[in-house]
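> Fold the following, please.
(chains A and B)
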2 protein chains.
Amino acid sequence: MYPNFLLKQAKLHPSGRALSFQQKEWTFEQLKEESLHFARKLKALDLSNKDRVAILSSSSDRLVIGIHALWQLGCEIVLLNERLTAAELQYQYVDSEATILLTSTEYKKTLSVPSIYTWEEIDQKEEIHFTMEPYWDDSRTLSIMYTSGTTGSPKGVRQTVRNHATNALSSNAQLGIQESESWLCSMPIYHISGLSILIRSVLLGLEVRLYDKFQLKEIVGDITSGRVTRMSVVSTTLQRIVHYMEENSLVPSSNFRGMLAGGGPIPKDYLERSTMLQLPVVQTYGMTETCSQTATLESKDAIRKIGSAGKALLLADIRIEGATKSGEPGEICITGDHVTNGYIGKYATIPSQQDGWLHTGDIGYLDEEGFLYVLDRRSDLIISGGENIYPAEVESVLLSYPGILDAGVIGIPHEKWGEVPKAFLVVAHSVELNEIETFCKSTLASYKIPKEWSIVNELPRNGAGKLLRRELRT
Amino acid sequence: MYPNFLLKQAKLHPSGRALSFQQKEWTFEQLKEESLHFARKLKALDLSNKDRVAILSSSSDRLVIGIHALWQLGCEIVLLNERLTAAELQYQYVDSEATILLTSTEYKKTLSVPSIYTWEEIDQKEEIHFTMEPYWDDSRTLSIMYTSGTTGSPKGVRQTVRNHATNALSSNAQLGIQESESWLCSMPIYHISGLSILIRSVLLGLEVRLYDKFQLKEIVGDITSGRVTRMSVVSTTLQRIVHYMEENSLVPSSNFRGMLAGGGPIPKDYLERSTMLQLPVVQTYGMTETCSQTATLESKDAIRKIGSAGKALLLADIRIEGATKSGEPGEICITGDHVTNGYIGKYATIPSQQDGWLHTGDIGYLDEEGFLYVLDRRSDLIISGGENIYPAEVESVLLSYPGILDAGVIGIPHEKWGEVPKAFLVVAHSVELNEIETFCKSTLASYKIPKEWSIVNELPRNGAGKLLRRELRT
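Next up is the predicted model:
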């Protein structure tokens, strides 16, 4: 059992800063009041406990208040990625069996799903009173996020109260959050790296300083002025911040306690430059299935253990499948109460764990001190500007194009985005790459569309016919 | 599921300071190694998972290592209060169905229970290998402590893995423990205020700086030098520290982050003097049944909310039975995963909760901001130098003395101990108070023996015959 997160924090720190967005600020009491107000309007849609509600929205105060409102009603939220195409969104919406879709006016025009409402349409509803739950069961699902994993087809991952709370408390055991801290969130909230900031906020009483996009100058201003004490970054955003601070001879405020850097490895160069700037960087390894962080490398080990994602957090554990001693690589497996208990929709009957362990598909090893090194991402995952791209998904789209006989997709280095996808095609006759790109645009988010193409005679496959993507990289 | 506390911390911070006692220090790796070493010797006694082992010991490195060793073996420890008489100890040992009793040489001579071993006797055993459990179930009982509550007869309270972990993590959400902190423990470990410091240590990676008695000068030295960052106190010990610092014009180190003050209300005078000394004091309300803290008053509210024990911690909640609005007094009821699920022995079948709430028997109210004020301790509990005295237990002993027809016991103020017990007796014929005292000494710990006596014609009782102890106080 856990307390209703927002209600509890509003009791503990009613006048503590909970949220700031653009020129506005909310205390926990105000955030609670506005969330309850909006929840009473949502109630007019006849939403019940455990109803699923899909949300498609960029980061805004409306989104944060909407999420908290839905949780007050007992709903499960399905967070949709803004960068998906209409077809991809349609698939997730249908698979999730969501009752309604909440979104902004811009999206309403382009999407054709039933029961779609804008925030403003909800504002027009009459308020209907409901009784709040002061406590939440461990097993209640708070959020669902789609991830592809090894299958290539998106799976809706359930994130429960205990998953989220375990992650936040375990993270706090390492980070030691103090009262009145502020966490800058320029990550999309439809990613677990963003949503987990909201969760830490209501469990640990810290402010979320929310940005709807990566506004470099303002963000660096927050870091140098001490307006914020923490921030989540991916490799790309860290690089931009470091570069800007170097160019302008800026240093972080002494209040600034650290960058939580996830979404793939951080190049050594960025870490060294961060150290020069006295900008503490804490590297982390996590995923949707573990409600964010599983392992985290403390700032003090950043250089000594360069390339490592750190040790498993207090309430998490990692083992390497098949490894008999430290240093030996194998599949990274994770256990702990932060690990999802399963999926919804099409994959509802597929267990997410084997004997209590999540098999990530990622390859890595633990050194003799227990530091994790990730060697290869699951299913040759490509991480481009913090977004996950599963080659199997892109390949499957390419193979549906007439004249493409075989397709293999890998990530190639890219200065700005870290990686971008590159496609290797076996074709029956000459094809127009422009037309393939146009075809892709109709079904794939733009960041998933290959940026380089190569026509080959055949693809490397093993005896069982399995594509050997690693060989494409050499 | 939680990690094996000590093993996990030894993995996270192997070279972090775990324990210091007298001139010796242990890192988490050393504490783990010594605990495992001792566990393998204990294993020679044929101890199995879930066996109960009673411990009677003053604070020492042996005690800490012994506790961790028993937990590695899967045992449930029964912590006996050193200040009890042989008869009281005998009762608890038998009621707990402990397999063995571990103690020091001094106690072995005076106690006549079967299967009693000293630490040194265990040292002589051969080591027997066993397999450690890397994870602990939520419901596993780690410790048992006896408390009397409203019944007057001691009840063994079960404290599970989840109870302890919830308390420590919930406490951390407020205290924001940082790496390399050190918590001074001069509380007996057989009290939850002491044991909970050991638990916080292995969950949050902080050092326990252990004292076997309250050594005023050394303790103040630790506070002023910055050797420790936290300390648990009761009213009496706080007063002595404050007085000593005033007399010697001492101030705490800027590293010192706070006193956690429990075991009854702290007089306003002490709080004001602490503020003058810049000694942060955090008042708390907790008990054996809640694995220590349930509510805690932050330092910043110490003067504004004087007399309050603060708000319910993150993972705890408090309601006042029968109160319809804030400010109205009633019985304090507590919920949360830190609350015991039940008792052992004689009271094993008595539920500890009603509809998920622990009814404490304490009387109090919540103000409009949710701050708890404790008006009257359960069953007119007397707190003397941090030890709980239940009037019913003392009365029951007095009534067994020939010639005592009725007896009522209350607490009266005492400069050094906060409170001491006073007895009101109705006697059939003249009695010798000296003889009654001698009689008490054979069955009651000395701190429980009344320090004042009054012979009266009758005791105030209500219509149902219930003793009205409050009237004795007027």
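> Flag the shaky bits of chain A, pLDDT-wise.
For chain A, applying pLDDT under 70 flags the ranges A:148-152, A:379, A:462-466.
> What does the most centrally placed residue in it show for phi and psi?
Central residue of chain A (Cα atoms, centre = their mean): residue A:191, 2.6 Å from the mean position. Backbone torsions for residue A:191, taken as degrees, to the nearest 10, come to phi -100, psi 150.
> domain assignment for chain A?
Chain A resolves into domains spanning A:2-136, A:182-380, A:382-472 when parsed by automatic domain parsing.
> Make JSON lines out of these and add distance to chain B.
C-betas here are computed from N, CA, C, even on glycine. Listed next are these as JSON lines, based on distance: least, Cβ to the nearest Cβ, whole Å:
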{"stretch": "domain A:2-136", "distance to chain B": "5"}
{"stretch": "domain A:182-380", "distance to chain B": "5"}
{"stretch": "domain A:382-472", "distance to chain B": "27"}
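> Which of these sits closest to residue B:69?
Shortest distance between residue B:69 and those, using Cβ to Cβ, is found for domain A:182-380: 21.8 Å.
> That closest one: end-to-end distance?
With Cα to Cα, to the nearest Å as the measure, the ends of domain A:182-380 fall 35 Å from one another.
> same thing with stretch A:359-372?
In stretch A:359-372, first residue to last residue: 15 Å (Cα to Cα).
> re the thing from before, and the domains of chain A: which comes nearest residue B:146?
Taking Cβ to Cβ as the criterion, residue B:146 comes closest to domain A:2-136 out of the domains of chain A, the separation being 29.7 Å.
> And that closest one, end to end?
End to end - Cα to Cα - domain A:2-136 spans 5 Å.
> How far does that domain sit from its chain's centre?
The offset between the C-alpha centroid of domain A:2-136 and the centroid of the whole chain comes to 18 Å, using Cα atoms, centre = their mean, to the nearest Å.
> how about the helices in the stretch 151-300 of chain A?
In the stretch 151-300 of chain A, the segments counted as helices under DSSP state H, counting those that start in this stretch are A:161-175, A:192-204, A:216-225, A:235-247, A:268-276.
> And for the stretch 1-150 of chain A?
For the stretch 1-150 of chain A, the helices defined by DSSP H, counting those that start in this stretch cover A:5-12, A:28-42, A:61-72, A:86-96, A:105-110, A:119-123.
> which one of those helices lies closest to residue B:384?
With respect to residue B:384, and counting by Cβ to Cβ, the nearest of the helices of the stretch 1-150 of chain A is helix A:5-12 at 32.7 Å.
> ok, so what distance separates the nearest residue to residue A:242 once chain neighbours are set aside from residue B:22?
Spatial nearest neighbour of residue A:242, chain neighbours left out: residue A:273 (5.0 Å); criterion: Cβ to Cβ, 6 or more residues apart in numbering or on different chains. Relative to residue B:22, residue A:273 is positioned 47 Å away (criterion: Cβ to Cβ, to the nearest Å).
> So the two - more neighbours on which side?
With neighbours defined as other Cβ atoms under 10 Å in any protein chain shown, residue A:273 and residue B:22 compare such that residue A:273 has more, 18 against 10.
> re earlier: could I get the helices of the stretch 1-150 of chain A as CSV with mean neighbour count and distance to residue A:205?
Output for these, formatted as CSV (neighbours: other Cβ atoms under 10 Å in any protein chain shown; distance: least, Cβ to Cβ, whole Å):
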stretch, mean neighbour count, distance to residue A:205
helix A:5-12, 23, 6
helix A:28-42, 20, 7
helix A:61-72, 23, 15
helix A:86-96, 18, 31
helix A:105-110, 13, 33
helix A:119-123, 15, 26
